[in-house]
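*Asks:* take a look and give me a structure for this.
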Amino acid sequence: MHTLICGVTMSGKTTLAHKFAKELAAKGQTIIVFDPVMTPTAAGSWPENTILFDDEHDFFDYLIQPDVNRAHIFVDESADVFNLSKPWNNWLLTRGRHFGFSVFLIAQRPKMLPPTVRNQCGRAYVFRLAKDDLKEIGADFGFSDLHKIELDKGDFLLLNSGSAQFQKGNVFQI
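*Replies:* Sure thing, here's the model as predicted:
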């Protein structure tokens, strides 16, 4: 299942992604990351054995190799990678699961991601966002009143596609 992690700057989204990556790496899972910024967070940096890229072309060239499969892929600044001007990158979301890829998209503004990309995510961790962004991501996941819920630093809502229920958490309390 693909996952969207979205929120304003400094809300905790990359900290959450680092925590997920570390948990998966501790279980022996392969972690591949595209992170053009490489900023450490409250959770530190990416796990030690991460296959790490800061160049988009090198990242996709690596992913299309025939022996690359069954990996958790984290894409920071994902709105720069998956947007309407680069539809050829969308294969990672639309067909990536056939290669055993589980993709985590990290974005400040989910509205900047095309609906085709957002709708491939079965789960969303939603941190603080502008009201318009909350309305749109809420609509994507079937929550019309999402924009009415107040979130503080580190707070997130976990939305699962196909469910009317959501959970609230805080990245600094996990």
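
*Asks:* now tell me which helix or strand of this structure has the poorest mean pLDDT.
*Replies:* The helix or strand of the chain with the poorest confidence is helix 131-141; it has a mean of 89 (mean pLDDT, DSSP states H and E).

*Asks:* quick one: buried residues of that one?
*Replies:* Using 16 or more other CB atoms under 10 Å as the test for burial, helix 131-141 gives 133-138, 140-141. Heads up, the C-betas are built off the backbone N, CA and C, glycines and all.

*Asks:* ok, stretch 30-38 next?
*Replies:* By 16+ other CB under 10 Å, the buried positions in stretch 30-38 come out as 30-35.

*Asks:* from the chain's centroid, how far away is that stretch?
*Replies:* 11 Å (CA atoms, centre = their mean, to the nearest Å).

*Asks:* so what would you say the end-to-end distance of that stretch is?
*Replies:* 19 Å (CA to CA, to the nearest Å).

*Asks:* I'd like to know the average pLDDT value across it.
*Replies:* Computed over stretch 30-38, the mean pLDDT rounds to 95.

*Asks:* which residues sit against that stretch?
*Replies:* The contact list for stretch 30-38, computed with CB atoms under 8 Å, 6 or more residues apart in numbering, reads 21, 24-25, 45-47, 49-56, 59, 62-63, 68, 70-77, 80-81.

*Asks:* ok, the residue nearest the centre of the chain - contacts?
*Replies:* By CA atoms, centre = their mean, the chain has its centre lying nearest to Leu105, at 2.3 Å. The contact partners of Leu105, taken as CB under 8 Å, 6+ apart, are 2-6, 75, 78, 82, 93, 113, 117, 121.
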